[in-house]
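[1] Just a sequence and a predicted model for now, questions to come.
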Amino acid sequence: MTGRKREKSWITLSPWIVIGAVAVLAPIFIFVAVQNIHKQRENTTRLLLEKGAALIRSFEAGTRTGMGMRWGGLQVQKLLTETAQQPDIVYLLITDLNGKILADNDPSKIGEYHGKNLDLEKIPRSKEVKWREVIDETGANVFEVFRRFSPTLRHFQKPRGEHVPNDWLRSCIIPREGKPLSRLTIFIGLDMKPIELAREEDARHTVIMALILLLIGFTGVISLFLVQGYRSARTSLSRIRAFSDNLVENMPIGLLAIDSDGNVSSFNQTAELILQLSADELLGKKADQVLPQQLRPLIDKLNPDVKIIEKEIDCPVPDGNRISLEAIATLLEEEDGTFGGYAILFRDLSEIKRLRTEIERSQRLASIGRLAAGIAHEIRNPLSSIKGFATYFKERYKDVPEDQKTAEIMIQEVERLNRVISQLLEFARPMNIQLKPTSMRILIQHSLKMIGGQAGEKNIKINPEISLEMDEALIDTDRINQVLLNLYLNAIEAMDDGGTLSVRLFGDDPGWVKIEISDTGSGIQKKDLEKIFDPYFTTKPSGTGLGLAIVHRIMEAHNGEVNIKSEQGKGTTVSIILPASEGKAGSPVTDKVDS
């Protein structure tokens, strides 16, 4: 076997089908052929018998007419000789009861004996015509017809006053008690050679026709199997084609196929979603004109020596973004080895890269948390001493304004540092939550009341949109309230010149509750979005950089999701997704940021 696949027939025919068809049809046509040959033989025998009987009757009629004219044996001999001149008559003779030939078309045989193996005394007693097949002196087959020879009138009497010679004819046909009784037997030998030739020809024709019919029948049976096999193969092919089309169309990897002419021949749904292109607009068109140019180098590098190429590429999409793709390009060949085109498989690596970033961040946060917990405990004790000394100096030098002010600044900075350490400890220590079904509508309304004063001071309008049939979530109320307040305060700080704070509550997916918090503030720069959940990352002059990191930890503990979308100058939207009280929990937390 070579590397290429051998071309296979669309259908295979089992040898047992051929054997079975022959086993069924052959006996039928053999039986029909034998029956036909036997019938032809019977027809030939009947034809010869009727012909012999007709000749006997004709000869008797001639003899009867001659006897009316006082014929004797000599005249009958002449008539017999003349009658035997017909080409299909081999011999014509008359014998007595002992088989002695009294008249023969060959006069030299008169006096010899014929029919030794026949009951010659019984034959003249009946007018029944009998026959047999014999072999003459030359070895040829002869069909012999014989019966009683009775040419006399019904009442034969010798004419009065006339002399009638007494020869063998009249001696064998004499009246007894007023009734004639013949003691003669007439034999007619008919030549079977023409009949045998015709019979052989008929038999040959019958055999040929039987073979032709057998072949036709065999062909018909095989054709039925072939037709059935073709239908089955076509049905199977249609089923396989439908399955393969459905598989290609719904596979979770993008598939792009380009034919040998450079036209796009296949573009599945996943490819449409990834590249944000429509298959209807691509199919049948030149790939160079409708596909991203970043895919072209993959195809150009393919050749008979390099049939598969795997590479990660950044590809632009119509919405203006660039996505990272893992692409595998391969060269297509037909069964005969001719060039068939190209196939490119690709998948979006954006989610994988995001997960990798999340894992790296989680590992980094875990290390920072362990480090922060140790440092916080070591710092808190000196801070307590510093605060104590600052308080002492404040009381001791209360009459010295400058020293008292310095002591107050020291106390404030120590308290601020203590707050940072407290937040750091909260971020670092394992988070224990107490989950219970909670009405999100009531929780949101309560949390909004807590920031109503601060929003009013900045001329910020609060716009709650709470419309949810299933508003209970399985949460730790205090922790989620902390998340909401943190996100509210971030939104308020982003709107220095007033604006709108929108809070929407709705069911995004069955089993989940979604809250969206939107502001019309300054937004977040695109370069900062990836760092937004990192601890100690902040763009605020007085921020600690732990607020969103703690939000992420709380959502992680709830097995929820936190997503951020922001556009600089237009505002930010933060979405948090929590499991409903009767919904599904346990999905890993994810955080998504979009510009």
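    Yep, it's here.

[2] and the gap between Thr338 and Leu331?
    Thr338 sits at a distance of 12 Å from Leu331 (criterion: Cβ to Cβ, to the nearest Å). In this view, the C-beta of every residue, glycine as well, is placed from N, C-alpha and C.

[3] oh sorry, the question was meant for Leu282
    Remark: distance between Leu282 and Leu331 (Cβ to Cβ) = 21 Å.

[4] Between those two, which is the more surrounded one?
    Neighbour count, other Cβ atoms under 10 Å: between Leu282 and Leu331, Leu282 has more, with 22 against 18.

[5] Skipping adjacent residues, who's closest to that one in space?
    The shortest distance from Leu282 to any non-neighbouring residue, by Cβ to Cβ, 6 or more residues apart in numbering, is to Val264 (4.6 Å).

[6] now Arg125
    Per Cβ to Cβ, 6+ apart, closest to Arg125 is Arg148, 7.3 Å.

[7] Next up, the contacts around that neighbour.
    Each residue near Arg148 by Cβ atoms under 8 Å, 6 or more residues apart in numbering is listed here: Ile123, Pro124, Arg125, Ser126, Lys127, Ser182, Leu184, Thr185, Ile186.

[8] is the residue lying closest to the fourth one once chain neighbours are set aside in a bridge, and if so with what?
    Spatially, and ignoring its direct neighbours in sequence, Ser126 is nearest to Arg148 (6.6 Å; Cβ to Cβ, 6+ apart). Residues in a beta bridge with Arg148, per DSSP bridges, are Thr185.

[9] in which helix or strand would I find the residue nearest the centre of the chain?
    Nearest residue to the geometric centre of the chain (Cα atoms, centre = their mean): Ile240, 2.1 Å. Using DSSP states H and E, Ile240 sits in helix 193-250.

[10] Quick one: mean pLDDT over that helix.
    Helix 193-250 carries an average pLDDT of 79.

[11] Give me the residues contacting the helix or strand that it is followed by.
    Downstream of helix 193-250, the first helix or strand assigned by DSSP H and E is strand 254-258. Strand 254-258 is contacted by residues 248, 264-268, 270-271, 273-275, 287, 291, 295, 299, 332, 341-348 when judged by Cβ under 8 Å, 6+ apart.

[12] repeat that with 7 Å
    Strand 254-258 has contacts (Cβ atoms under 7 Å, 6 or more residues apart in numbering) with 248, 264-268, 270-271, 274, 287, 341-347.

[13] moving C-terminal of that strand, what's the next helix or strand?
    Per DSSP H and E, the first helix or strand lying C-terminal to strand 254-258 is strand 264-267.

[14] which helices and strands does that following strand pack with?
    Identification of packing neighbours for strand 264-267 by 3 or more Cβ pairs under 7 Å, 6 or more residues apart in numbering; DSSP states H and E yields strand 254-258, helix 279-282.

[15] roughly how far apart are Ile208 and Glu200?
    From Ile208 across to Glu200, the span is 12 Å (Cβ to Cβ).

[16] Over to Pro292?
    For Pro292, the distance to Glu200 equals 84 Å [Cβ to Cβ].

[17] Between those two, tell me which one has more neighbours.
    Neighbours per residue, other Cβ under 10 Å: of Pro292 and Glu200, the larger number sits with Pro292, 14 against 10.

[18] Leaving out chain neighbours, which residue sits closest to that one?
    Distances taken as Cβ to Cβ, 6+ apart place Cys315 nearest to Pro292, at 5.1 Å, with adjacent residues excluded.

[19] so how far is the helix or strand in which the one you found is found from its chain's centroid?
    Per DSSP H and E: Cys315 is located in strand 308-316. Its chain's C-alpha centre and that of strand 308-316 lie 33 Å apart, by Cα atoms, centre = their mean, to the nearest Å.

[20] Repeat that for stretch 211-228.
    29 Å.

[21] Distance-wise, check Pro15 relative to Phe225.
    On the measure of Cβ to Cβ, Pro15 and Phe225 end up 12 Å apart.

[22] more crowded one of these two?
    Higher neighbour count among Pro15 and Phe225: Phe225, with 17 against 7, using other Cβ under 10 Å.

[23] That one and Pro292, how far apart?
    52 Å.

[24] Same check on Ser581?
    To Pro292, Ser581 is 46 Å away according to Cβ to Cβ.

[25] Next: Gly73.
    Taken as Cβ to Cβ, the span from Gly73 to Pro292 is 124 Å.

[26] that older thread, could the helices and strands packed on strand 264-267 be laid out in TSV, adding mean pLDDT and distance to Asp471?
    Converted to TSV, the helices and strands packed on strand 264-267 look like this (pLDDT from 0 to 100; distance: least, Cβ to Cβ, whole Å):
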stretch	mean pLDDT	distance to Asp471
strand 254-258	87	39
helix 279-282	83	41
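
[27] Quickly compare these and say which is most buried.
    Mean neighbours per residue, mean count of other Cβ atoms under 10 Å, is largest over the helices and strands packed on strand 264-267 for strand 254-258, with a mean of 22.

[28] and that strand, which strands flank it?
    Taking DSSP bridges as the criterion, strand 254-258 forms sheet pairs with strand 264-267 (antiparallel), strand 339-348 (antiparallel).

[29] Which members of the contacts of Arg148 are the farthest-apart pair?
    Maximum pairwise distance among the contacts of Arg148 (Cβ to Cβ): 14.5 Å, between Arg125 and Ile186.

[30] higher neighbour count, these two?
    Legend: neighbour count by other Cβ under 10 Å for Arg125 and Ile186, higher for Ile186 (26 against 12).

[31] Tell me the spacing between the spatially closest residue to that one that is not a sequence neighbour and Ile524.
    Closest residue to Ile186 apart from its sequence neighbours, by Cβ to Cβ, 6+ apart: Phe149 at 3.8 Å. Taking Cβ to Cβ as the measure, Phe149 falls 138 Å from Ile524.

[32] So these two - more neighbours on which side?
    Phe149 (27 against 22).

[33] what ranges of the stretch 251-400 of the chain fall below the confidence cut-off?
    Applying pLDDT under 70 to the predicted model, the residue ranges of the stretch 251-400 of the chain that meet it are 361, 365, 368-369, 372-373, 377.

[34] ranges for the helices of it?
    In the stretch 251-400 of the chain, the helices defined using DSSP state H, counting those that start in this stretch lie at 269-275, 279-282, 287-290, 296-300, 350-396.

[35] which outside residues touch the fourth one?
    So that's helix 296-300. Here helix 296-300 makes contact (Cβ under 7 Å, 6+ apart) with Asp288, Ile309, Lys311, Ala327, Ala329, Tyr342, Ile344.

[36] buried ones in it?
    Leu298, Ile299 (16 or more other Cβ atoms under 10 Å).

[37] Equivalent analysis for the third one, please.
    In terms of neighbour count (16+ other Cβ under 10 Å), helix 287-290 has its buried residues at Ala287.

[38] quick one: which two of the contacts of helix 296-300 are the most distant?
    Across those, the longest distance by Cβ to Cβ is 18.8 Å; it joins Asp288 and Lys311.

[39] Now do the top strand by length along the chain: distance to the chain's middle.
    Secondary structure of the chain per DSSP state E: the longest strand is strand 322-333. Here strand 322-333 shows a centroid-to-chain-centroid distance of 27 Å under the convention Cα atoms, centre = their mean.

[40] just checking, what packs against it?
    Judged by 3+ Cβ pairs under 7 Å, 6+ apart, strand 322-333 is in contact with helix 296-300, strand 308-316, strand 339-348, helix 350-396.

[41] For His38, find the nearest of the ones you listed.
    strand 339-348 (64.4 Å).
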